[in-house]
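Engineer: I would like the atomic coordinates for the input below:
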Amino acid sequence: MQRETNIRYLESVDSTNTYAADHFDSLADGTLIVAETQSSGHGRLGRKWHSPRGNIYASFVMKDLFGEPFHATMVSSLAVLSVLNDLVPGHGAYIKWPNDIFIGNRKLSGVLCEGVLRKGALAGIICGIGVNVNLPEEELERIGQPATSLLIQTKCKINLKIFAEKLAVYLNWYYIIGINDRERLFGLWKRENRIIGRRVTLQPPHGPACEALVRDISDDGKLRIEKEDGSQQEFACGDVKLLPGMENGA
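Structural biologist: As a prediction, this is how the structure comes out:
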């Protein structure tokens, strides 16, 4: 099954997610919105996404609700990894649950999926994608957490148009996989997470942070952890930090 890619380029916008939501009804399913800059880019939990020129700021429109909203996150993160495989072989990037892409202990990309409501019902999902591509060191220092960019990793600038075109292709590719085989999509996504069997610090949305061993990721995308007292819990969201040198529960 093939799907023609549809990209809409913008010079500047408040947020690609906001633009996609405002134009949702007129945009074709599978459209990718790409902006050079954002004035009000935002990430998960309302965090501001620093948006200077030189990076990828994009939103993907998904009108086929083939699964739970977390499946949209899988489509987006897998697509970014596939672009990296093409453009930066040996990049070492991985998915850090629930929706970030890291290289080492530094964030390279974030995904924010938001639902679109029509008449009180979910009509579709917009997947916001930010990738630090050509961000120099001085701009990285303005980000409020450890971050990296492809420029820092490769010492070379990446052609943003080529990146966007490949991203559109892979987003539609994984979108089609999800429509036809959700279990396959989940398996591909789970394989790219480097968190199972690792000790982490987990900061849930509410309550204190804790150290725990990650036992698994459930079929509905929840993180299964085992605390130091042996008790187990599941979390649908939260901030996770991998603890160094503690693989496989050692």
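Engineer: Now do the top strand by length along the chain: everything it contacts.
Structural biologist: When the chain is scanned for its longest strand (criterion: DSSP state E), the result is strand 106-118. With CB atoms under 8 Å, 6 or more residues apart in numbering as the test, strand 106-118 has contacts from 17, 21, 24, 42-44, 49, 69-70, 72-73, 76-77, 80, 93, 96, 99-102, 122-132, 143, 145-150. Any C-beta I mention is one placed from the backbone N, CA and C, and that applies to glycine too.
Engineer: Beyond that strand, next helix or strand please.
Structural biologist: strand 121-131 (DSSP states H and E).
Engineer: mind listing what's buried in that next one?
Structural biologist: Using 16 or more other CB atoms under 10 Å as the test for burial, strand 121-131 gives 124, 125, 126, 127, 128, 129, 130, 131.
Engineer: ok, so of those residues, who is nearest residue 183?
Structural biologist: Nearest to residue 183, judged by CB to CB, of these is residue 125 at 19.2 Å.
Engineer: pLDDT score for the closest one?
Structural biologist: As predicted, residue 125 sits at a pLDDT of 97.
Engineer: and if you look at residue 161?
Structural biologist: At residue 161, the pLDDT value in this model is 96.
Engineer: residue contacts, it?
Structural biologist: Residue 161 makes no contacts at all, as judged by CB under 8 Å, 6+ apart.
Engineer: gap between it and residue 187?
Structural biologist: From residue 161 over to residue 187 the distance is 32 Å, taken as CB to CB, to the nearest Å.
Engineer: State the distance from the spatially most central residue of the chain to residue 126.
Structural biologist: Centroid-nearest residue in the chain: residue 111, 2.9 Å away (criterion: CA atoms, centre = their mean). Noted for residue 111: a distance of 11 Å to residue 126, by CB to CB.
Engineer: Following element in sequence after the lengthiest helix in the chain, please.
Structural biologist: For the chain, the helix that runs over the most residues, judged by DSSP state H, is helix 160-180. Sequence-wise, the next helix or strand downstream of helix 160-180 (DSSP H and E) is helix 182-191.
Engineer: same for the next helix or strand after that following helix, what does it pack against?
Structural biologist: Using DSSP H and E, the helix or strand that follows helix 182-191 in sequence is strand 198-203. Strand 198-203 is packed against strand 210-217, strand 223-227, strand 239-247, with contacts defined by 3 or more CB pairs under 8 Å, 6 or more residues apart in numbering; DSSP states H and E.
Engineer: Compile those into CSV and extend it with columns for mean neighbour count.
Structural biologist: Supplementary listing: the helices and strands packed on strand 198-203 in CSV, determined by neighbours: other CB atoms under 10 Å:
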stretch, mean neighbour count
strand 210-217, 18
strand 223-227, 19
strand 239-247, 14
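Engineer: would you turn the ones you listed into TSV with mean pLDDT and distance to residue 87?
Structural biologist: Formatted as TSV, the helices and strands packed on strand 198-203 follow (pLDDT from 0 to 100; distance: least, CB to CB, whole Å):
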stretch	mean pLDDT	distance to residue 87
strand 210-217	94	27
strand 223-227	94	30
strand 239-247	74	25
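Engineer: of all those, which lies closest to residue 193?
Structural biologist: Among the helices and strands packed on strand 198-203, the nearest to residue 193 by CB to CB is strand 210-217 (6.4 Å).
Engineer: which other helices and strands contact that closest one?
Structural biologist: Counting contacts by 3+ CB pairs under 8 Å, 6+ apart, strand 210-217 is packed against strand 198-203, strand 223-227.
Engineer: give me the low-pLDDT residue ranges for this structure?
Structural biologist: Residues of the chain that meet the criterion pLDDT under 70 lie in 1-3, 40-50, 245-250.
Engineer: Recalculate using a threshold of 50.
Structural biologist: Applying pLDDT under 50 to the chain flags residues 1, 43-46, 246-250.
Engineer: Walk me through the domains of it.
Structural biologist: Per the record, the chain has its domains at 6-191, 198-247, by automatic domain parsing.
Engineer: Highest mean neighbour count out of the ones you listed?
Structural biologist: Mean neighbours per residue, mean count of other CB atoms under 10 Å, is largest over the domains of the chain for domain 6-191, with a mean of 18.
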